[in-house]
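Engineer: Make a model of this:
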Amino acid sequence: MFQRDRAVLRPWTVACGLMLTMGAVAGAQDTRQVVEPKIPSACVKLEPHLKGALREQDEEKLDTERIQKAIDGCKPGMAVELLRGTAASGYFLTGPLEMREGVTLLIDKDVTLYGSRDPKVYETPNPDAKPGDPIKCGTSMPRPAAFPVQLAATAAARRGGCRPLITINDAKNVGIMGDGTIDGRGYAKILGKDYSWWQMARKAQPTDDLYFNPRLIQANHADGLVLYRVHLNNSPNFHVGVNNTNGFTAWGVHLQTPTDKSLDARNTDGIDPGTSQNITVAYSWIDNGDDNIAIKQGVSHMSVIHDHFYSGHGMSIGSETVLGQSYLVVHDLVEDHTSSGIRIKSNVKRGGPAHDLIYKGVCMKDVPIPIAISPYYTNQTVEPFEDPKYTGDKIPDYKGITLQDIYSETPGDVLIAGLNDEHRTQVMLQNVTIKGIKPSQVHLFYDDLTVRSPGTNIPLRESANPTVKLVGDGEKAVEQVDPCAGKFVPMQ
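Structural biologist: Prediction:
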């Protein structure tokens, strides 16, 4: 039976008071009053048919129909609960599931819901397909010349590809909750192939081929969506994508990919909202193979509060910014060996406005590029430190960025750049410390920088060139006891 009241969660409830008063502390953010979610009562409880170790023959015993029938028949406001049952080790194995309005999928502790590795069950219906045509899911293809990166997912849906493991489409107030695990098995060989989902993705990278992998959770028009306490592991592609949604909360989510650190998991973003507003990601733990969070275009009023990031590419905006991003607050974030820390990335092929962005109370350790505010994105893990001279008319334009109480325990590069004199990047720095940073590690172009007391230890004046305007005393940040002491803890 699922435990609905655990002592370990009580501090979260108390800490929620910080969330409700963040507007006074850190500026614009999610406009809702967000509180810790509650787990609903179960309309039906399912026990696993599969027990012991996951086996090859289990692909013929999928739980898809049984779980989907329970979701379809559940009343709004209630949950379909997946139980461990009497087995010492029980699990569920499923193909794609579709959530219904107001229904929660509740996964008990010690229960795992695995995704099938059969590409046929994920294949997106293609109205133009002929009998005998090969399926696209689980395959790759050269990218057509007139095929922008940002349209890949849409085109895949039109022309065949992979459905997500869990879809929320035109359904409000859906929940995915519990202390159990959803495992996408990106490490497993695709049925009928000699490669895994991740191996296919990595092989496609050098030539920028299209490849078709399922996402773990994809939501569209899903107002009121809640992810709570659930563990999301080993997605073949992005873990959580949310589009066209007003009101999305991820609270206490534990996201880890790959769980086996000897493996390589390309393009496995953690949480990616796009064309949405009023979003909160709180008290969550993200350790993955790409951006920990990537805020896509058209997102406004988002709060990222009291989170821990591990392997990944950091707290990112972009690379698509055509429709803009605005009114973001990142507060009390710990980043431990991410490749970048605070990252805003775009270029003239996919850029647009990003403004009113507040980063406050960010702790970093072993982050090679603690700050990267860049119009130079080249589809790589990190941005280059100079303009790649792309041509395009979709201009990145960054304004109203606040960096306050930022601390990196280890040295790293800082890139703050505008595209040109007509599109200058505007940043305010206050109490920003990158320990051990050298002038050669600071890269500034077309910036309007304001430094407020107690300043920053970043050698801005030594590194500034004629395209940079610097206002403020520029004094070094006040030497202080490490404000991040005790915050770097193991992934949970």
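
Engineer: Low-confidence ranges, the stretch 151-300 of the chain, go.
Structural biologist: Residue ranges of the stretch 151-300 of the chain with pLDDT under 70: 151-160.

Engineer: what ranges do the helices span in it?
Structural biologist: 152-159, 197-204 (DSSP state H, counting those that start in this stretch).

Engineer: helices or strands next to the last one in the packing?
Structural biologist: It stands for helix 197-204. Applying 3 or more Cβ pairs under 8 Å, 6 or more residues apart in numbering; DSSP states H and E, one finds that helix 197-204 contacts strand 140-141, strand 210-211. C-betas here are computed from N, CA, C, even on glycine.

Engineer: Next, format these as a markdown table and append distance to residue 423 and mean neighbour count.
Structural biologist: A markdown table is the format used below for the helices and strands packed on helix 197-204 (distance: least, Cβ to Cβ, whole Å; neighbours: other Cβ atoms under 10 Å):
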| stretch | distance to residue 423 | mean neighbour count |
| --- | --- | --- |
| strand 140-141 | 36 | 14 |
| strand 210-211 | 31 | 22 |
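
Engineer: Just tell me which of these ends up closest to residue 121.
Structural biologist: With distances scored as Cβ to Cβ, the stretch of the helices and strands packed on helix 197-204 nearest to residue 121 is strand 210-211 (17.8 Å).

Engineer: mind listing what that closest one pairs with, with the direction of each?
Structural biologist: Strand 210-211 pairs in its sheet with strand 140-141 (antiparallel), by DSSP bridges.

Engineer: what is the rounded mean pLDDT of the strand it pairs with?
Structural biologist: For strand 140-141, the mean pLDDT works out to 94.

Engineer: just stretch 30-42 next, same as before
Structural biologist: On average, stretch 30-42 scores 96.

Engineer: which parts of it are buried?
Structural biologist: Neighbour-count burial for stretch 30-42 flags 30, 32, 34, 36, 37, 39, 40, 42 (criterion: 16 or more other Cβ atoms under 10 Å).

Engineer: can you check stretch 321-335 too?
Structural biologist: Residues 321-322, 325-335 are the ones in stretch 321-335 that count as buried (16+ other Cβ under 10 Å).

Engineer: Return the closest of the residues you listed with respect to residue 386.
Structural biologist: Nearest member of the buried residues of stretch 321-335 to residue 386, counting by Cβ to Cβ, is residue 321, at 19.9 Å.

Engineer: doesn't residue 351 make contact with the closest one?
Structural biologist: Yes. Assessed by Cβ atoms under 8 Å, residue 321 is found in contact with residue 351 at 5.3 Å.

Engineer: Mind listing the shared neighbours of these two?
Structural biologist: Common contacts of residue 321 and residue 351, defined by Cβ atoms under 8 Å, 6 or more residues apart in numbering, comprise residue 396.

Engineer: so how far is stretch 102-113 from its chain's centroid?
Structural biologist: Chain-centre distance of stretch 102-113: 21 Å, with Cα atoms, centre = their mean, to the nearest Å.

Engineer: And residue 273, how far from residue 211?
Structural biologist: Distance, residue 273 to residue 211, by Cβ to Cβ, to the nearest Å: 23 Å.

Engineer: Turn the buried residues of stretch 30-42 into JSON lines, columns for secondary structure.
Structural biologist: Shown next, in JSON lines, are those (DSSP: H, G, I helix; E, B strand; the rest coil):
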{"residue": "30", "secondary structure": "coil"}
{"residue": "32", "secondary structure": "coil"}
{"residue": "34", "secondary structure": "coil"}
{"residue": "36", "secondary structure": "coil"}
{"residue": "37", "secondary structure": "coil"}
{"residue": "39", "secondary structure": "coil"}
{"residue": "40", "secondary structure": "coil"}
{"residue": "42", "secondary structure": "strand"}
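
Engineer: with the residues you listed in mind, which one is nearest to residue 300?
Structural biologist: Checking the buried residues of stretch 30-42 against residue 300 with Cβ to Cβ, the nearest one is residue 30 at 9.7 Å.

Engineer: can you give me the helices in the stretch 351-492 of the chain?
Structural biologist: 460-463.

Engineer: next one: the stretch 1-150 of the chain
Structural biologist: Ranges of helices in the stretch 1-150 of the chain, per DSSP H, counting those that start in this stretch, are 10-20, 22-26, 64-73, 119-122.

Engineer: ranking these by mean pLDDT, which is last?
Structural biologist: Among the helices of the stretch 1-150 of the chain, helix 10-20 has the lowest mean pLDDT, at a mean of 32.

Engineer: Beta-bridge partners for the residue lying closest to residue 364 once chain neighbours are set aside, please?
Structural biologist: Distances taken as Cβ to Cβ, 6 or more residues apart in numbering put residue 408 closest to residue 364, at 4.1 Å, once the chain neighbours are dropped. Beta bridges link residue 408 to residue 364, residue 434, judged by DSSP bridges.

Engineer: Show the pLDDT at residue 408.
Structural biologist: Residue 408 is assigned 97 on the pLDDT scale.

Engineer: and it, what is it in contact with?
Structural biologist: Neighbouring residues of residue 408 by Cβ under 8 Å, 6+ apart: 341, 363, 364, 365, 367, 370, 433, 434, 435.

Engineer: From those, list the buried ones, please.
Structural biologist: 341, 363, 364, 365, 367, 370, 433, 434.

Engineer: Same list, these, but as CSV with pLDDT and distance to residue 191 please.
Structural biologist: CSV is the format used below for those (pLDDT from 0 to 100; distance: Cβ to Cβ, whole Å):
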residue, pLDDT, distance to residue 191
341, 98, 39
363, 98, 43
364, 98, 41
365, 98, 41
367, 98, 39
370, 98, 43
433, 95, 51
434, 96, 48
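
Engineer: Save those as a markdown table, and put in distance to residue 237 too.
Structural biologist: Formatted as a markdown table, the buried ones among the contacts of residue 408 follow (distance: Cβ to Cβ, whole Å):
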| residue | distance to residue 237 |
| --- | --- |
| 341 | 24 |
| 363 | 30 |
| 364 | 27 |
| 365 | 29 |
| 367 | 25 |
| 370 | 28 |
| 433 | 37 |
| 434 | 33 |
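
Engineer: Please identify which of the residues you listed is nearest to residue 470.
Structural biologist: Closest to residue 470 out of these is residue 434 (16.8 Å), distances taken as Cβ to Cβ.

Engineer: That closest one and residue 362: what is the separation?
Structural biologist: According to Cβ to Cβ, residue 434 and residue 362 sit 11 Å apart.

Engineer: What of residue 59?
Structural biologist: As judged by Cβ to Cβ, residue 59 and residue 362 stand 44 Å apart.

Engineer: got it, and residue 129?
Structural biologist: Residue 129 sits 48 Å away from residue 362, going by Cβ to Cβ.

Engineer: Look at the two and report which has more neighbours.
Structural biologist: Neighbours were counted for residue 129 and for residue 362 using other Cβ atoms under 10 Å; residue 362 has more, 27 against 15.

Engineer: For residue 241, name its beta-bridge partners.
Structural biologist: As for beta bridges, residue 241 partners with residue 218, residue 272 under DSSP bridges.

Engineer: so what's it up against?
Structural biologist: 164, 215, 217, 218, 219, 272, 273, 274.

Engineer: circling back to that earlier point, pLDDT for the buried residues of stretch 321-335 - can I get that in JSON lines?
Structural biologist: Converted to JSON lines, the buried residues of stretch 321-335 look like this (pLDDT from 0 to 100):
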{"residue": "321", "pLDDT": "96"}
{"residue": "322", "pLDDT": "96"}
{"residue": "325", "pLDDT": "97"}
{"residue": "326", "pLDDT": "97"}
{"residue": "327", "pLDDT": "97"}
{"residue": "328", "pLDDT": "97"}
{"residue": "329", "pLDDT": "97"}
{"residue": "330", "pLDDT": "98"}
{"residue": "331", "pLDDT": "97"}
{"residue": "332", "pLDDT": "97"}
{"residue": "333", "pLDDT": "98"}
{"residue": "334", "pLDDT": "98"}
{"residue": "335", "pLDDT": "98"}
